[in-house]
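Engineer: Predicted coordinates and the sequence they were generated for:
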Amino acid sequence: MTGLILFDCDGTLVDSQHHIVATMTSAFAACDLPPPAAAAIRSTVGLSLVEAAAELLPGTERRLHEAVADAYRRTYHATQGHDEADEPLFPGVAEALVALNRGGYLLGVATGKGRRGLEGVLARHGLRELFVTLQTADRSPSKPAPDMVYNALAETGSTAAETIVIGDTTYDMAMARNAGVAAIGVSWGYHPAPALLAAGAAAMIDDIADLPGALAGLLIRSES
């Protein structure tokens, strides 16, 4: 049984932490705010920009969160270069995606990025044609809401039983749980493995080469 595989982007497909930290730091400066710690910024990766700003500015008004998000977008798109090193793929990701596509899996993305940013990353790495559905936080509620998964199911005609989310944060695991689909956590991203398991990961992988086996095991179990 093949199925729909929904990947997170930042921290799962690409190592964008340095770019995200630098861009959020610049966004705070543009709003005359002291910069958050890098670890605090990394902990919000996966949320929409407005929700990330709210996490970093507890007790403040939404209009400030929106101002930070707007500043982030301006800085991100102004500095986003054509060099893949800005947001490099994790080792083995391109090869794994190609193999899964050839194996008959439908591939999608569910990310806290905006559509423009996601399209840019996939295009720079030559991966855009591999994905049949792209779900972004500027078109759906932020993770951990289930809407991005629901939208992907509707677009592809897939069922929850044949869908698996792959991600590196508790937000990914919670989104999957809320949507009634299984999730696999990856250990190379921005949240620790124990937190992903506690948030509902059905399995953890330390190397993307292990993903096909983990997928097959979960999909076979879903048929039982």
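Structural biologist: Arrived safely. Numbers count the residues shown, from 1 in each chain.
Engineer: domain ranges for the chain?
Structural biologist: Under the assignment automatic domain parsing, the domains of the chain span 4-15+87-223, 17-79.
Engineer: Most tightly packed of these?
Structural biologist: Comparing those by mean neighbour count (mean count of other CB atoms under 10 Å), domain 4-15+87-223 ranks first with a mean of 20. C-beta: built from backbone N, CA, C; applies to glycine.
Engineer: Kindly check the end-to-end length of stretch 134-141 for me.
Structural biologist: Stretch 134-141 has an end-to-end distance of 14 Å (criterion: CA to CA, to the nearest Å).
Engineer: what's in contact with it?
Structural biologist: Residues outside stretch 134-141 that contact it (CB atoms under 8 Å, 6 or more residues apart in numbering) are 6, 47-49, 108-115, 118-119, 122, 143, 147-149, 151-152.
Engineer: Which of those residues fall in strands?
Structural biologist: Counting by DSSP state E, the contacts of stretch 134-141 place 6, 108-111 in strands.
Engineer: Restrict the biggest helix by length in the chain to CA atoms and write it as PDB.
Structural biologist: The residue-count maximum for a helix in the chain (DSSP state H) belongs to helix 62-79. Taking C-alpha atoms only, helix 62-79 is exported to PDB below (Å, rounded to 0.1, in the frame of the first residue of the first chain):
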ATOM      1  CA  ARG A  62      -1.700  40.800  18.100                       C
ATOM      2  CA  ARG A  63      -0.900  43.900  16.000                       C
ATOM      3  CA  LEU A  64       2.700  43.700  17.300                       C
ATOM      4  CA  HIS A  65       2.900  40.100  16.300                       C
ATOM      5  CA  GLU A  66       1.600  41.000  12.800                       C
ATOM      6  CA  ALA A  67       4.100  43.800  12.500                       C
ATOM      7  CA  VAL A  68       6.900  41.400  13.300                       C
ATOM      8  CA  ALA A  69       5.600  38.900  10.800                       C
ATOM      9  CA  ASP A  70       5.400  41.600   8.100                       C
ATOM     10  CA  ALA A  71       8.900  42.700   8.900                       C
ATOM     11  CA  TYR A  72      10.100  39.100   8.700                       C
ATOM     12  CA  ARG A  73       8.500  38.600   5.300                       C
ATOM     13  CA  ARG A  74      10.100  41.700   3.900                       C
ATOM     14  CA  THR A  75      13.500  40.800   5.200                       C
ATOM     15  CA  TYR A  76      13.200  37.100   4.100                       C
ATOM     16  CA  HIS A  77      12.200  38.000   0.500                       C
ATOM     17  CA  ALA A  78      14.800  40.800   0.300                       C
ATOM     18  CA  THR A  79      17.700  38.500   1.400                       C
END
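Engineer: what's the distance between it and the middle of its chain?
Structural biologist: Taking CA atoms, centre = their mean, to the nearest Å, one finds the center of helix 62-79 at 19 Å from the center of the full chain.
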